[in-house]
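Undergrad: Compute the structure for the input listed below.
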Amino acid sequence: MVTKPKKIVYHPACLLFPKLGEEELQQLADDIKANGLRNKVVLFEGKVLDGRNRLAACKLAGVEPTFKKWQGNGSPAEWVISENLIRRHLSASQRAVIAHDLLPLLEREAKARQRLSRGRGKKGAKSQADPSQVGKAAAVAARIARTNATYVEAVKSISAQAPELISRVRSGELTVPDAQRLQRQQEEVAKAKRASRKRKAYAVCEGDVDSVVCGDCFDLIPTLDDLSVNLTLTSPPYAQQRNGHYKGISEAKYPEWTVRWMRLLRDKLTDDGSVLIVIRPHIKDGGIADYVLRTRLALREDGWKECEELIWLKPDAPPLGSTRRPRRTWESVLWFSKTGKPYTNLTAFGKSSNRLGFAGSLRYGVGNGSPISNGQRVDLKNGIARCPDVFVAPVGTNDKGIQHPAVFPVSLAEQLIQVFSRQGDLVLDNFCGSGTTGAAAKKLCRDFRGFETSKRYVKVALRRLAETNGQGVKV
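TA: Next up is the predicted model:
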């Protein structure tokens, strides 16, 4: 019988696995109190190798623990992991953290084997070698912890750059891909802060950068510094659709009017900036009004790149529009830039996926005029999926009590701002309305500038901006 150590010291391998929660520990204590300690606490070189939770449960139950020495061969750390993986229901991400923590233990054990083998010659050294320790360290640790080496390498990187995330992976709160995404976002925040300190051009020349100014955008856009606006997200007045609420633009003049304010904005937009216009034409005389189509063509002719047509999907849209047409549930988000390669972060709010790649590619064939080129990946991998070109934002999520006839949801603005700008960037809405873009920008730690002709709506927008200011969420 092995006596209780005078002082409880835990072997590093014993600390690889997370502690039991209070409820699970109490259940274990109740079982020990009723049935005794079935599995003795294991000691190695006077330290507790296995049984940390059993010791805590014995103390909770008022039961004296019993001990035994480890009699195994090979790696004590590997034995501990083997024993506990049977007992615990851990995810691949949690096992990857354990494998990462195992790496220094494996290194120490390897050095100990080398010391034992000194003076025994090659034959002696070979007899002390552990066949399970052959290969790259991360791969060995992954094999022992029954996870994949890629995850172990990822945990290593996260631990070096954002160690606070590792405890959340260890507890099961985050997966490794989730932690990688948060790490990238933190790196982007740090990069944006460094860049903002270097580029004075990314500031408005007068006044507070986080503000809404009452006035016409044709007068106010020229007050911005050149190359100061990273993203313009706006919903201009639709042609003659809400004349009872604010001044509208005729369908005939709409293309030229849009080209004029976009032309003023051109020099103010950064070289990789984007302009997003939320709009949809109405039905006129049984057909779709063509002013949006003509506006798009006019902007292209004026030198703008139309990068893509995006969709805002409203799954809970009310039954508006003509009763002789399907219910309208979407609007266009027209995407323009000065360049064909504007800045985007397509995984900003993407989801973890183990099917990245072209899942059906082999069905279509590769090369020779098929949809899949010879250089395109056809194998699948893990990671964060790109966002689609459809942005889902229910109108039911609109902020309540906003007195404006054309409010779009903050959730739509948040999605678009995350994809098309960096934290610390300047977002402009030159038809600010009730300030939805501003509220979303401040929540996402962007700077904001809004222009609005109506004093009534300026007050609403300023109130929303003040309520959001200082509550930015750094994600």
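Undergrad: so where's this structure shaky on pLDDT?
TA: Across the chain, the stretches falling below the confidence threshold (pLDDT under 70) are 1, 86, 113, 116-135, 193-209, 240-247, 321, 352-380, 397-407, 469-475.
Undergrad: Which other helices and strands does the host helix or strand of L85 contact?
TA: Per DSSP states H and E: L85 is located in helix 76-87. Helix 76-87 is packed against strand 47-50, helix 92-117, helix 137-145, with contacts defined by 3 or more CB pairs under 8 Å, 6 or more residues apart in numbering; DSSP states H and E. Just so you know, the C-beta spots here come from the backbone N, C-alpha and C atoms, and that holds for glycine as well.
Undergrad: Could you check those and tell me which one is nearest G74?
TA: For the helices and strands packed on helix 76-87, distance to G74 was read as CB to CB. The smallest value, 8.9 Å, belongs to helix 92-117.
Undergrad: and the closest one, what does it pack onto?
TA: Contact here means 3+ CB pairs under 8 Å, 6+ apart; on that basis helix 92-117 packs against helix 76-87, helix 121-128, helix 137-145, helix 149-161, helix 166-170, helix 176-198.
Undergrad: one more time with 6 Å
TA: helix 121-128, helix 137-145, helix 149-161, helix 166-170 (3 or more CB pairs under 6 Å, 6 or more residues apart in numbering; DSSP states H and E).
Undergrad: and that helix, how far from the chain's centre?
TA: Between the centre of helix 92-117 and the centre of its chain there are 31 Å (CA atoms, centre = their mean, to the nearest Å).
Undergrad: about what we covered before: could you single out the most deeply buried of the helices and strands packed on helix 92-117?
TA: Ranked by mean neighbour count under mean count of other CB atoms under 10 Å, the helices and strands packed on helix 92-117 are led by helix 137-145, which reaches a mean of 22.
Undergrad: Alpha carbons of it, in PDB - could you do that?
TA: Once side chains and other backbone atoms are set aside, the C-alpha atoms of helix 137-145 remain, and they are given as PDB (Å, rounded to 0.1, in the frame of the first residue of the first chain):
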ATOM      1  CA  ALA A 137       6.600  16.800 -32.700                       C
ATOM      2  CA  ALA A 138       3.200  18.200 -33.600                       C
ATOM      3  CA  ALA A 139       2.200  15.100 -35.500                       C
ATOM      4  CA  VAL A 140       3.400  12.900 -32.600                       C
ATOM      5  CA  ALA A 141       1.400  14.900 -30.100                       C
ATOM      6  CA  ALA A 142      -1.700  14.900 -32.400                       C
ATOM      7  CA  ARG A 143      -1.500  11.100 -32.700                       C
ATOM      8  CA  ILE A 144      -1.300  10.600 -29.000                       C
ATOM      9  CA  ALA A 145      -4.200  13.000 -28.300                       C
END
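Undergrad: Strands along the stretch 251-400 of the chain, start to end?
TA: When assigned using DSSP state E, counting those that start in this stretch, the strands of the stretch 251-400 of the chain occupy the ranges 269-279, 283-284, 287-288, 305-313, 330-337, 352-356, 381-384, 390-392.
Undergrad: tilt between the helix holding L85 and helix 92-117?
TA: For helix 76-87 against helix 92-117, the angle between stretch directions is 150 degrees (axes from the mean of the first three to the mean of the last three CA atoms, to 10 degrees).
Undergrad: Mind listing what's buried along helix 76-87?
TA: For helix 76-87, the buried set under the neighbour-count rule, 16 or more other CB atoms under 10 Å, comprises 76-81, 83-85.
Undergrad: Would you mind putting those residues into TSV with distance to N230 alongside?
TA: Listed next are these as TSV, based on distance: CB to CB, whole Å:
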residue	distance to N230
P76	55
A77	50
E78	51
W79	55
V80	51
I81	48
E83	54
N84	49
L85	48
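Undergrad: If anything else comes up later, I'll come back, but that's it for now.
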